[in-house]
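Peer 1: Structure, please.
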Amino acid sequence: MYVAHLSLVDFRSYAEVELPLTAGVTALIGPNGQGKTNLVEAIGYVATLGSHRVANDAPMVRFGTEHAIIRASVVRDERTTLVELELTPGRANRARINRSPVPRAREVLGLLRTVLFAPEDLAVVKGDPSERRRFLDDLLVSRTPRLAGVRADYDRVLKQRNALLKSAGAAFRQRSASAPPGEPSTLDVWDTHLATAGAELLAARLELIDLLRPLVARAYAAVAPGAGDVTLEYVSSLGPDVALSTDREQLADALLAGMADLRRRELERGISLVGPHRDDLLLKLGPMPAKGYASHGESWSYALALRLASYDLLTSDGGEPVLILDDVFAELDVDRRQRLAELVAPAEQVLVTAAVAQDVPAALTGARVDVRDGEVHLGA
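Peer 2: This next block holds a predicted model:
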């Protein structure tokens, strides 16, 4: 799988740009602030419908314009698919596949798979639990696009349940007694919806972590040989006493029981305290959590191992993903640069961004695109 052509209109800094690409390695070279990351961000957006840099679409639409357009020609098994996305802040994005409109933008998920390495990856190791949940869920959707619908359903139900908890909680606090009449039956309906969608998402995460564990351990040993063992553990909001399985019905029952146990606290605080949105992925280095204990170099190696494991898992599913390395090598020492380059060089397509050509290891010698003054210059 590789991207053969990228076309942008009013995306980030680009009023318009056409970028032909080939399989193999392509390095996008240019000083910071010239638009290199904008190009790979657009490719990543086609694959995930999200950005690795910002939480919403508005910053990706060029200032003073109403919408942005991304077009990518994706080659897989010698067949080319044209994917088009129109980003309009405040409105649902529109999508077309081979010039034909599709009902929802998420219909394009799965047509392109990417694994993107970026400085922001350090937040997966050092940052808040939300970063690790996002890592898991993005990988889930890359493997199984239908889970984008499960994820959206869960987020929708959670938002509605939280709104009900806030309104019911206000009355609850005023009465300073048990929940007001009529409230439990209404909340029970949303409890059931949240437990059903939550069980599906939670089971998928648990299955994913089982697959990732050996791959992350192997990747970490390759990136940082002799640096110790790494393990992954799922931390559930249900608490350590609840045995987790991948049985959806058992998980739904456990989530319902957890919500019932915390009903009073939820009403007092006006938020949902049980569910996948409160969970975490514990990344351990030896016996200790990587967050707070790992050095900067160890944290970087862990972040790289997570991405390399993602690449191996997606490849094993069929359809080798496009590898994107966005300004990564400037963050690494010489040894880690060399090891990472040797590990990713055999991929069908590797896109690298760097401020100077010297930051790109010799193992990733290939095509070059210069990015300067907001323009791309091929074969420079």
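Peer 1: what residue ranges in the stretch 101-250 of the chain score low on pLDDT?
Peer 2: Scanning the stretch 101-250 of the chain for pLDDT under 70 picks out 169-185.
Peer 1: Show me the strands in it, by range?
Peer 2: Along the stretch 101-250 of the chain, the stretches classed as strands by DSSP state E, counting those that start in this stretch are 114-117, 230-235.
Peer 1: got those as CSV, with mean neighbour count columns?
Peer 2: From N, CA and C alone the C-beta is placed, and that goes for glycine too. Output for the strands of the stretch 101-250 of the chain, formatted as CSV (neighbours: other CB atoms under 10 Å):
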stretch, mean neighbour count
strand 114-117, 25
strand 230-235, 17
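Peer 1: Roughly how far does residue 219 sit from residue 351?
Peer 2: With the distance defined as CB to CB, to the nearest Å, residue 219 ends up 20 Å from residue 351.
Peer 1: Neighbour count for those two, which is higher?
Peer 2: Ranked by neighbour count (other CB atoms under 10 Å), residue 219 and residue 351 place residue 351 first, with 28 against 24.
Peer 1: and the helix or strand hosting residue 335, C-alpha only, in CSV?
Peer 2: Element membership of residue 335 [criterion: DSSP states H and E] is helix 334-344. Written as CSV, here are the backbone C-alpha positions of helix 334-344 (Å, rounded to 0.1, in the frame of the first residue of the first chain):
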residue,chain,number,x,y,z
VAL,A,334,22.8,8.5,16.6
ASP,A,335,22.4,4.9,17.7
ARG,A,336,18.6,5.1,17.9
ARG,A,337,18.5,6.9,14.6
GLN,A,338,20.4,4.1,12.9
ARG,A,339,18.4,1.3,14.5
LEU,A,340,15.0,2.9,13.7
ALA,A,341,16.1,3.6,10.1
GLU,A,342,17.1,0.0,9.6
LEU,A,343,13.9,-1.3,11.1
VAL,A,344,11.6,0.8,8.9
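Peer 1: Give me the most central residue, this structure.
Peer 2: residue 138 (3.6 Å; CA atoms, centre = their mean).
Peer 1: shouldn't that one be in contact with residue 48?
Peer 2: Yes - look at residue 138 against residue 48 with CB atoms under 8 Å: they come within range, at 5.8 Å.
Peer 1: Pull up the overlap in contacts between the two.
Peer 2: Any residue near both residue 138 and residue 48 by CB atoms under 8 Å, 6 or more residues apart in numbering counts here, and not one turns up.
Peer 1: And the helices in the stretch 251-380 of the chain?
Peer 2: Using DSSP state H, counting those that start in this stretch, the helices of the stretch 251-380 of the chain run over 263-269, 296-317, 334-344.
Peer 1: just to revisit the earlier point, tell me the buried residues in the helix holding residue 335?
Peer 2: 336-337, 339-341, 343-344 (16 or more other CB atoms under 10 Å).
Peer 1: Kindly report the same for stretch 187-198.
Peer 2: Residues 187, 190-191, 193-198 are the ones in stretch 187-198 that count as buried (16+ other CB under 10 Å).
Peer 1: Using PDB, list the CA coordinates for that stretch.
Peer 2: Provided in PDB are the C-alpha atoms of stretch 187-198 (Å, rounded to 0.1, in the frame of the first residue of the first chain):
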ATOM      1  CA  LEU A 187     -30.800   7.100  34.000                       C
ATOM      2  CA  ASP A 188     -31.200   3.400  33.900                       C
ATOM      3  CA  VAL A 189     -31.900   3.600  30.100                       C
ATOM      4  CA  TRP A 190     -28.700   5.500  29.500                       C
ATOM      5  CA  ASP A 191     -26.800   3.200  31.800                       C
ATOM      6  CA  THR A 192     -27.800   0.300  29.600                       C
ATOM      7  CA  HIS A 193     -26.800   2.100  26.400                       C
ATOM      8  CA  LEU A 194     -23.500   3.200  27.900                       C
ATOM      9  CA  ALA A 195     -22.800  -0.300  29.200                       C
ATOM     10  CA  THR A 196     -23.500  -1.900  25.800                       C
ATOM     11  CA  ALA A 197     -21.300   0.400  23.800                       C
ATOM     12  CA  GLY A 198     -18.700   0.500  26.500                       C
END
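Peer 1: Right, I'll leave it there.
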